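Peer 1: Provided below are the primary sequence and the corresponding predicted coordinates.
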Amino acid sequence: MPGDERQINVKGWVRSRRGNKNVSFIALNDGSTIKNIQIVADSEKFSDEVLRPITTGACISVTGKLVESMGKGQTVEIQAEEIEVYGTADPLTYPLQKKGHSLEYLREIAHLRPRTNTFGAVLRIRHNMAIAIHTYFHEHGYFYFHTPLITASDCEGAGQMFQVTTKNLYNLKKDKDGQIDYSDDFFGKMAALTVSGQLEGELGAMALGKIYTFGPTFRAENSNTPRHLAEFWMIEPEVAFIQKDELMDLEEDFLKFCVRWALEHCEDDLQFLNDMFDKGLIERLKSVINTEFVRLPYTEGINILQEAIKNGKKFEFPCNWGDDLASEHERYLVEEHFGKPVIMTDYPKEIKAFYMKLNDDQKTVQGTDVLFPSIGEIIGGSVREEDYDKLMSEIERRQIPMKDMWWYLDTRRYGSAPHAGFGLGFERLMLFVTGMQNIRDVIPFPRTPKSAEF
């Protein structure tokens, strides 16, 4: 306790140094918390020569007494007795001086931005969200299943996949039809970075009952929006023997668990982000865990949107039955119409993936997308089609190349079972939990078109 005046040692990076000829006050931070510790360095003990290198960004070790602070802003401080400078930071060139920096500028120095209050908070929350995800699934009997990052299956849309090759791109061997011959490539066939672990996850669920994946995924979309990254992390649980209602229960319970975890474990960091960036952040997080999500069939959602248009609401994109909803439509339903999260279900089959289970109306599938305030879609899920003939019929109708997908079809040929699952983009969850507006600001080193720095 402060009254004990214990001698302690702290190490960290200098956020600022101020003072006068008699005393210096150094704000020190070691990255473990948003809060700095104040170091009081008496000029009688430390010469100007010792103190001069202690500038913003320098790394130091301080030994001294932990005492009660008489000043404002902190309850305790350290009266320094020994200071060792590990590394200096030239004030003329160090780019993080004690002033406000724009988020756009900080993206240009992503190797240093974790040292700022903002990104320290975001990255500590990111860690806690990862722990929350693993904790939730472990406590609910799921097995963490590692799906491959390199895949040879192109059914997910080769146009959006990053190719992986060891071939000499300046001297590509072609076959008689002018197509690239991959026989001498590392895998002997075209390979790419995965866009999703779902298909392999289904194999795991057909053996272990309940699995989840949590790993990086890659999409070569030339998209520069504040919601898209070329490399991001995905959480994909897959569960045998559950139906649509149970899947929606899982989606809602899982999201509430993660948000509750953030509120309980990241209080200081959330308060900082609430105060500095988004005054309604904490209130919005609490509103999610204290409300029941609306369960809304797609057709009903379209009717609500069309009624809103009749009453004068203007949208940039059309929303007729059969259209894939834009983010503005999703946010209208969540933020303006219902005022709470929405799980939208039963989408037209033409706008959803081939593996989704067809409803009896033969027009809609059992998709279950969760829509959140300020984000739009945060989860995309569905019941999977477990019937081999129905799945093959849909694959043939869509002309999906399945020559490398025999292993996926085997799950429907041998001991097929009802199953369902969802995908959650980790960075979308991070956007919601932190209140940040750009997805590039919730991952340490963002990968976007024409940008693969650091």
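Peer 2: Looks like it came in fine.

Peer 1: number of residues surrounding residue 201?
Peer 2: Applying other C-beta atoms under 10 Å, we find 22 residues neighbouring residue 201. C-betas here are computed from N, CA, C, even on glycine.

Peer 1: and if you look at residue 166?
Peer 2: 9.

Peer 1: spatially, what comes nearest to it if we skip its sequence neighbours?
Peer 2: Leaving aside its sequence neighbours, residue 166 sits nearest to residue 186 (C-beta to C-beta, 6 or more residues apart in numbering; 4.4 Å).

Peer 1: again with residue 151
Peer 2: Residue 151 sits nearest to residue 194 (C-beta to C-beta, 6+ apart), 4.8 Å away.

Peer 1: ditto for residue 224
Peer 2: For residue 224, the spatially nearest residue (C-beta to C-beta, 6+ apart) is residue 449, at 6.0 Å.

Peer 1: pretty sure that neighbour is touching residue 222, no?
Peer 2: Yes - the pair residue 449 / residue 222 is scored as a contact, 5.2 Å apart, by C-beta atoms under 8 Å.

Peer 1: for the residue nearest to residue 151, give its distance to residue 56.
Peer 2: 42 Å (C-beta to C-beta, to the nearest Å).

Peer 1: among these two, which residue is more densely surrounded?
Peer 2: residue 194 (24 against 18).

Peer 1: so what's the more buried one up against?
Peer 2: 147, 148, 149, 150, 151, 217, 218 (C-beta atoms under 8 Å, 6 or more residues apart in numbering).

Peer 1: so which of those residues belong to helices?
Peer 2: Per DSSP state H, helices hold no members of these.

Peer 1: out of those, which end up buried?
Peer 2: Restricting the contacts of residue 194 to buried positions leaves 147, 151, 217, 218, with burial counted as 16 or more other C-beta atoms under 10 Å.

Peer 1: find the nearest non-adjacent residue to residue 18, please.
Peer 2: Per C-beta to C-beta, 6+ apart, closest to residue 18 is residue 25, 5.4 Å.

Peer 1: pLDDT added to the buried ones among the contacts of residue 194, as a markdown table?
Peer 2: Below are the buried ones among the contacts of residue 194 laid out as a markdown table (pLDDT from 0 to 100):
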| residue | pLDDT |
| --- | --- |
| 147 | 96 |
| 151 | 91 |
| 217 | 96 |
| 218 | 95 |
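
Peer 1: could you list the low-pLDDT ranges of this protein?
Peer 2: Applying pLDDT under 70 to the chain picks out residues 1-4, 154-159.

Peer 1: got the residue ranges for the helices in it?
Peer 2: 48-51, 103-108, 117-139, 198-208, 244-265, 267-276, 281-289, 298-310, 327-331, 388-398, 406-413, 426-434.

Peer 1: contact partners of the last one?
Peer 2: When contacts are defined by C-beta under 8 Å, 6+ apart, helix 426-434 is touched by residues 121-122, 125-126, 129-130, 133, 214, 227, 229, 232-235, 255, 258-259, 262, 270, 273, 281, 285, 372-375, 377-378, 436-437, 439, 442-443.

Peer 1: may I have that helix as CSV, with CA atoms only?
Peer 2: In CSV, the C-alpha atoms belonging to helix 426-434 read as follows (Å, rounded to 0.1, in the frame of the first residue of the first chain):
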residue,chain,number,x,y,z
PHE,A,426,-13.3,-11.1,-35.9
GLU,A,427,-12.6,-7.6,-37.0
ARG,A,428,-16.3,-6.8,-37.5
LEU,A,429,-16.8,-7.8,-33.8
MET,A,430,-13.8,-5.6,-32.9
LEU,A,431,-15.4,-2.6,-34.7
PHE,A,432,-18.5,-3.0,-32.7
VAL,A,433,-16.8,-3.6,-29.3
THR,A,434,-14.3,-0.7,-29.7
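
Peer 1: pull the distance from it to the chain's centre.
Peer 2: 5 Å (C-alpha atoms, centre = their mean, to the nearest Å).

Peer 1: circling back to that earlier point, out of the contacts of helix 426-434, which end up buried?
Peer 2: By 16+ other C-beta under 10 Å, the contacts of helix 426-434 give 121-122, 125-126, 129-130, 133, 214, 227, 229, 232-235, 255, 258-259, 262, 270, 273, 281, 285, 372-375, 377-378, 436, 439, 442-443 as buried.
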